[in-house]
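Novice: fold the following and give me the result.
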Amino acid sequence: MRQNTPTAGATWRKVAALAFAVAAAGLPLNHIASYALLVIVAVLIFTGEVRTRTGAWIVAAAIVLVGIGGQLFISPARVAEGHNIFLPEPGGVLERGLPPDVYRHMAEQFDVQYPLSVRCQKNSGGCWQNHYPAQTFAFSADGVFHASDFSRAVDSLDFSDPVWLGIGFINELRYNWYTVGPDVHRADRDRRFWMGLHRWHLAMPWFEMIRLPPEFVGGELCWRGEIMWEGADGHFAALPGDKCRAIGSDDTGRHIVGIAIKPDTLAMHLTPPWHVRLLQLASITLELAALIGLVLVLVRINVRRAVLPLILVGLAVLAISIDDASFLGGIRPFDGGDDGLFYDSVGRDILRQLLAGDIYGALEGGEKVFYFGGPGLRYFRAIEHVLFGETYLGYLAIVLLLPVLTWRLARHFLPERWSLALALIFTAIPLGELFGTTFIDYAKWAARGFADPAAYIFFIAGLLPLIGARAESSTKFVPAFFAALLFALSAFMKPIVLPTVAVVLAGAGLAAVVLRQWRRLAGLCLGFVPVLSMAAHNWVYGHVFQPLTANATHPDVLVMPPSAYATALHELLTGNFGGGYLKRALMQIPAWLSGPAESYATVPLNAAGIAVLIYVVVRGRGFNPWLRLIGAAALAQHAVALFYINSGRYHFLAWFLTMLVAAVWLHDVGTAWLQRRFPKLWRRVAADPFLLRLASGLSRLEPASA
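Specialist: Below you'll find the predicted structure:
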């Protein structure tokens, strides 16, 4: 008989409460302040207890409806805003679509900034002259909910750095350039470590155009650089410099163009009149009140439980801001040739096809047969742009989960203080750079738009319902189903994780058979079915049977296939080393053990980690069976490094699982061995002032993690 307890369906209630909060905040969630507030609300929801009373949910629904209705009623007028790259093309769409004065002026500036002598050769690889804009104003995902005959309709305009303006066209595949300055190029990077807030400088020539509504009469536009302001006769006057101009009634409906042919020269700030500012303030206040009211009505807040997740998320945000703050709500220009450029561009194409009603074309995903190694990320990008507009805040949400998932996973095998220390070190201290298990590595590659971090985080998330927070939950259908579904999503994001997934699912499935847990077995099987979508896609669109992606056997990726090892063995037996296969085989091993740091100096440390893995899996009967299964999965994933190219991002998951197993071994076996083997060193380490302060801090946080 099913128990009717307050905990039954608690997870679903929390998901529903979060959906209410998203509705109250409004889509798209493309403002970092609203996003940060929603992250805090999500933590409070998932660390608290969501009420079950029908009355509370009715009141919560009323709050959301009032919030949405109020936003529609008091929402101030929006400004039509359009933007695009500027590449002069005789008779092209820009010449036909832009005002003649504007196009002529920008073309003249372009010729001065980029004379013929510095331009790349047309039809050469990665040259900007191979592709030009397809429309006057670029597509903007912000326009899904706030459409305009330009790119989008905005409620404010304030930028000095285009990275924070949300101009997504910079990552369209047609602008996949390999050129460098002084020619037209994509971006310049400031590598100084303290420049995280301004890591990227957009170098692409572009323009910004706005059209002012009547409600903005009495406001003011300030700018730095050069703009062109439309006059009564339809002609545009160039206004260079650092200036401000009041908006009069004659300016209603007229166009203002900001020119950014030369990088880092344009800034614009639109100050609305007081009555528009009051409406904007009222809109923000209403959103804030709706979210606060929603939490107070639906959630019994547990402050103590919320403290540690908020600390971990805060540390993650700090680490990201130091490395590349553009991930926190901006749009950085991806490097030419990078996977990130492909995934985001195809994701935007998918979204445009969906908006046009072409579902079949959208599901094709830009390839009839998946080639690139991350099929799922392009579809995720399309969904992300619907929910979060022209930002990458959806991927950021996944990355911010990683420290919390690390802590939660470690708690299954370690005491509170150890699991807390592991999560804090992983997130905040780049010591793991030596071992390939530091948070910033995941954040870096996610910010670059690669699929690897998302795949690994989905896998780590899948381990939690599989293992189960309570003994009885790990035998049920639903946790097993969602665990397998997360594993399927992980493989869809990056099929390279399949060895790890196969070991974990096989072990869990075999255990379910032995223990006659048929519901659990059914959940595992059904949850993993979506992994077949890759083969189905390739069959439907490409008419070939390709189970995964076509580049899995590309020689630039699969650098040492089994046949190469067979040839290396033949060379060893015959003494004929002319082919170089034996040398390649021998070098693949230290390349693997160099880890994600890709440094031979880390080989001894990483080799010790592998030895611990083997010990726990083969001889560690005293360890948790789940830990031994995770260790076996890690060994399976490590085997990938013996065949594939030594790229650190391919092996983050293997070393993360190695870190977990090694930490448990250190707690259960290693510390006692070290105390016996090196007593003087152990006493000196135990008396270290820094470690004592760290232990004191952990003891204060320990109640919050319990």
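
Novice: each with direction, which strands does the helix or strand containing residue 207 pair with?
Specialist: Assessed by DSSP states H and E, residue 207 sits inside strand 206-211. Using DSSP bridges, the strands paired with strand 206-211 are strand 79-85 (antiparallel), strand 255-260 (antiparallel).

Novice: dump those strands into a markdown table; add mean neighbour count and distance to residue 554 as well.
Specialist: For glycine as for every other residue, the C-beta is placed from the backbone atoms N, C-alpha and C. Output for the strands paired with strand 206-211, formatted as a markdown table (neighbours: other C-beta atoms under 10 Å; distance: least, C-beta to C-beta, whole Å):
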| stretch | mean neighbour count | distance to residue 554 |
| --- | --- | --- |
| strand 79-85 | 23 | 32 |
| strand 255-260 | 23 | 39 |
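
Novice: these: which one's closest to residue 588?
Specialist: strand 79-85 (43.0 Å; C-beta to C-beta).

Novice: now do the buried residues in the helix or strand harbouring residue 347.
Specialist: Using DSSP H and E, the element containing residue 347 is helix 339-355. Buried residues in helix 339-355, defined by neighbour count with 16 or more other C-beta atoms under 10 Å: 339-354.

Novice: could you do stretch 358-368 as well?
Specialist: 361, 362, 364, 365, 366, 367.

Novice: dump those to a markdown table, plus pLDDT, secondary structure and distance to residue 568.
Specialist: Formatted as a markdown table, those follow (pLDDT from 0 to 100; DSSP: H, G, I helix; E, B strand; the rest coil; distance: C-beta to C-beta, whole Å):
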| residue | pLDDT | secondary structure | distance to residue 568 |
| --- | --- | --- | --- |
| 361 | 97 | helix | 46 |
| 362 | 97 | helix | 46 |
| 364 | 97 | helix | 41 |
| 365 | 96 | coil | 38 |
| 366 | 95 | coil | 38 |
| 367 | 95 | coil | 34 |
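
Novice: residues in contact with the following helix or strand past the strand holding residue 207: which ones?
Specialist: Using DSSP H and E, the helix or strand that directly follows strand 206-211 along the chain is strand 220-230. Residues from elsewhere that reach strand 220-230 (C-beta atoms under 8 Å, 6 or more residues apart in numbering): 99, 101-102, 105, 160, 236-247, 251, 254-260, 265-271.

Novice: out of these, which are buried?
Specialist: 99, 101-102, 105, 236, 247, 251, 254-260, 266-268, 270-271.

Novice: which helices and strands does the helix or strand of the chain with the lowest mean pLDDT pack with?
Specialist: Using mean pLDDT, DSSP states H and E, helix 689-705 stands out as the lowest-scoring helix or strand of the chain, at a mean of 70. Here helix 689-705 touches helix 303-324, helix 416-428, going by 3 or more C-beta pairs under 8 Å, 6 or more residues apart in numbering; DSSP states H and E.

Novice: returning to that earlier point: so for the helix holding residue 347, mean pLDDT?
Specialist: Helix 339-355 shows an average pLDDT of 97 in the prediction.

Novice: which other residues reach it?
Specialist: 139, 141, 144, 168, 171-174, 176, 334-335, 359, 361-362, 365-367, 372-374, 377-382, 384-386, 448-451.

Novice: just the CA atoms of that helix, as PDB, please.
Specialist: Taking C-alpha atoms only, helix 339-355 is exported to PDB below (Å, rounded to 0.1, in the frame of the first residue of the first chain):
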ATOM      1  CA  ASP A 339      33.100  23.300 -31.400                       C
ATOM      2  CA  GLY A 340      31.300  26.000 -29.500                       C
ATOM      3  CA  LEU A 341      30.800  28.100 -32.600                       C
ATOM      4  CA  PHE A 342      29.200  25.200 -34.400                       C
ATOM      5  CA  TYR A 343      26.900  24.200 -31.600                       C
ATOM      6  CA  ASP A 344      25.600  27.600 -30.900                       C
ATOM      7  CA  SER A 345      25.100  28.500 -34.600                       C
ATOM      8  CA  VAL A 346      23.200  25.300 -35.300                       C
ATOM      9  CA  GLY A 347      21.200  25.800 -32.100                       C
ATOM     10  CA  ARG A 348      20.100  29.200 -33.400                       C
ATOM     11  CA  ASP A 349      19.200  27.700 -36.800                       C
ATOM     12  CA  ILE A 350      17.100  25.000 -35.000                       C
ATOM     13  CA  LEU A 351      15.300  27.800 -33.100                       C
ATOM     14  CA  ARG A 352      14.600  29.700 -36.300                       C
ATOM     15  CA  GLN A 353      13.200  26.600 -37.900                       C
ATOM     16  CA  LEU A 354      11.000  25.900 -34.900                       C
ATOM     17  CA  LEU A 355       9.700  29.500 -35.100                       C
END
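
Novice: do you have the strands of the stretch 451-600 of the chain handy? List them.
Specialist: Remark: no strands are assigned in the stretch 451-600 of the chain by DSSP state E, counting those that start in this stretch.

Novice: helices of that one, residue ranges please.
Specialist: 452-467, 477-493, 498-514, 518-528, 533-542, 562-574, 581-593 (DSSP state H, counting those that start in this stretch).

Novice: can I get the CA coordinates of the first one in CSV?
Specialist: Extracted in CSV, the C-alpha atoms of helix 452-467 (Å, rounded to 0.1, in the frame of the first residue of the first chain):
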residue,chain,number,x,y,z
ASP,A,452,32.1,17.8,-22.6
PRO,A,453,31.3,19.5,-19.2
ALA,A,454,27.6,19.1,-19.7
ALA,A,455,28.0,15.4,-20.5
TYR,A,456,30.1,14.7,-17.4
ILE,A,457,27.8,16.8,-15.1
PHE,A,458,24.7,14.9,-16.4
PHE,A,459,26.5,11.6,-15.6
ILE,A,460,27.5,12.7,-12.1
ALA,A,461,23.9,13.9,-11.5
GLY,A,462,22.6,10.4,-12.6
LEU,A,463,24.7,8.7,-10.0
LEU,A,464,22.7,10.4,-7.2
PRO,A,465,19.2,8.8,-7.9
LEU,A,466,20.9,5.6,-8.8
ILE,A,467,22.6,5.2,-5.5
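
Novice: same question for that helix, mean pLDDT?
Specialist: The model assigns helix 452-467 a mean pLDDT of 96.

Novice: who are the packing partners of that helix?
Specialist: Short answer (3+ C-beta pairs under 8 Å, 6+ apart): helix 452-467 packs on helix 375-388, helix 393-411, helix 439-447, helix 477-493, helix 498-514, helix 652-665.

Novice: tell me which of the ones you listed is the most buried.
Specialist: helix 652-665 (a mean of 26; mean count of other C-beta atoms under 10 Å).

Novice: what's downstream of that one, the next helix or strand?
Specialist: The helix or strand immediately downstream of helix 652-665 is helix 671-677, counting by DSSP H and E.

Novice: off-centre distance for stretch 180-191?
Specialist: 24 Å (C-alpha atoms, centre = their mean, to the nearest Å).

Novice: do the same with stretch 353-365
Specialist: 23 Å.

Novice: would you mark the buried spots in stretch 186-194?
Specialist: 186, 187.

Novice: now the closest residue to residue 591 other than its chain neighbours: phi and psi?
Specialist: Leaving out its chain neighbours, the residue that sits closest to residue 591 by C-beta to C-beta, 6 or more residues apart in numbering is residue 646, at 4.0 Å. Phi and psi for residue 646, reported as degrees, to the nearest 10, are phi -80, psi 80.
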